[in-house]
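**Q** coordinates only, sequence not included:
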């Protein structure tokens, strides 16, 4: 081959990979509810019950109400072992209210809030559709039951690589994996099931989390509301 021929072949292969990645992304967006419907979602209020797993995990379930206002506001109200805790991230700062009062959070928790919002399914699908997040089609993989899943990697300047695994029949995400906290940390796997339509958007109502291959959490959605813009007071730190 001449140099020009080699370059052309390489570009052709890259274009094919890009088209395959985009085709899968488009399928995922369509299955989730479609681009127009996803852009119309301004906020979510999700009520969940969760149970930590593992030999030292508490037996009691935690009850949580998570309020998300896209793109970068989140409020988490939890009741764990009789204790009420409120955690809020306003896109820049984060604070916690617990029995010890209201206080700022460590930088690590601040990053966790921001990273969690970037990994939100609606947020990352829209970011990829708008070219703000890179996508790469990976080889198909088998899940725990031996079913074939298509795989798409998402990454960007503010998004550590994460992989979504997709049911080829439904186009819905059955699992996503990522490493939280940088290199050297264990792989986090979130396995999704029990999809239901709410206001034309498909949401998972059951999830289990594994960290480093070990079961860590089971979570069940008991209520989910899709809405518009919310009161700024929900994300404003109260005066001392």
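**A** Structure's in. What do you need? All of these numbers come straight from a predicted model, not from anything done at the bench.

**Q** From residue 55, how far off is the residue nearest to the spatial centre of the chain?
**A** With distances taken as Cα atoms, centre = their mean, the residue of the chain nearest its centroid is residue 120 (2.9 Å). For residue 120, the distance to residue 55 equals 31 Å [Cβ to Cβ, to the nearest Å]. (Each C-beta comes from the backbone N, C-alpha and C, glycine too.)

**Q** can you pull out the strands in this structure?
**A** In the chain, the strands defined using DSSP state E lie at 43-52, 62-69, 73-80, 83-89, 94-98, 101-104, 134-142, 148-156, 159-166, 173-179, 187-198, 201-211, 214-227.

**Q** which one of the ones you listed lies closest to residue 27?
**A** Residue 27 lies closest to strand 159-166 among those, at 7.4 Å (Cβ to Cβ).

**Q** What residues sit buried inside the closest one?
**A** Neighbour counts over strand 159-166 (16 or more other Cβ atoms under 10 Å) mark 159-160, 162-166 as buried.

**Q** Show me what the residue nearest to residue 227 when sequence neighbours are not counted bridges to in the sheet.
**A** The shortest distance from residue 227 to any non-neighbouring residue, by Cβ to Cβ, 6 or more residues apart in numbering, is to residue 43 (4.6 Å). Per DSSP bridges, the residues bridged to residue 43 are residue 69, residue 227.

**Q** ok, now the one 4 residues further on?
**A** When bridges are called by DSSP bridges, residue 47 pairs up with residue 65, residue 223.

**Q** got a list of what it touches?
**A** Residues near residue 47 by Cβ atoms under 8 Å, 6 or more residues apart in numbering: 63-65, 221-224.

**Q** Check residue 25 too.
**A** By Cβ under 8 Å, 6+ apart, the neighbours of residue 25 are 125, 128-129, 135, 152.

**Q** nearest to residue 237, of the strands of the chain?
**A** Nearest of those (Cβ to Cβ): strand 94-98, 4.8 Å.

**Q** and that closest one, what other elements does it pack with?
**A** The contact analysis (3 or more Cβ pairs under 8 Å, 6 or more residues apart in numbering; DSSP states H and E) places strand 94-98 against strand 83-89, strand 101-104, helix 107-119.

**Q** Of these, which is nearest residue 217?
**A** Between the helices and strands packed on strand 94-98, helix 107-119 lies closest to residue 217; by Cβ to Cβ that is 13.7 Å.

**Q** so what does that closest one touch, helix or strand wise?
**A** Counting contacts by 3+ Cβ pairs under 8 Å, 6+ apart, helix 107-119 packs against strand 73-80, strand 83-89, strand 94-98, helix 121-129, strand 159-166.

**Q** Rebuild those as JSON lines, extending it with distance to residue 35.
**A** Formatted as JSON lines, those follow (distance: least, Cβ to Cβ, whole Å):
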{"stretch": "strand 73-80", "distance to residue 35": "22"}
{"stretch": "strand 83-89", "distance to residue 35": "26"}
{"stretch": "strand 94-98", "distance to residue 35": "30"}
{"stretch": "helix 121-129", "distance to residue 35": "6"}
{"stretch": "strand 159-166", "distance to residue 35": "17"}
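
**Q** I'd like the ones you listed as JSON lines, with mean pLDDT and distance to residue 239 appended.
**A** As requested, the helices and strands packed on helix 107-119 are exported to JSON lines (pLDDT from 0 to 100; distance: least, Cβ to Cβ, whole Å):
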{"stretch": "strand 73-80", "mean pLDDT": "92", "distance to residue 239": "17"}
{"stretch": "strand 83-89", "mean pLDDT": "93", "distance to residue 239": "14"}
{"stretch": "strand 94-98", "mean pLDDT": "91", "distance to residue 239": "12"}
{"stretch": "helix 121-129", "mean pLDDT": "97", "distance to residue 239": "31"}
{"stretch": "strand 159-166", "mean pLDDT": "96", "distance to residue 239": "34"}
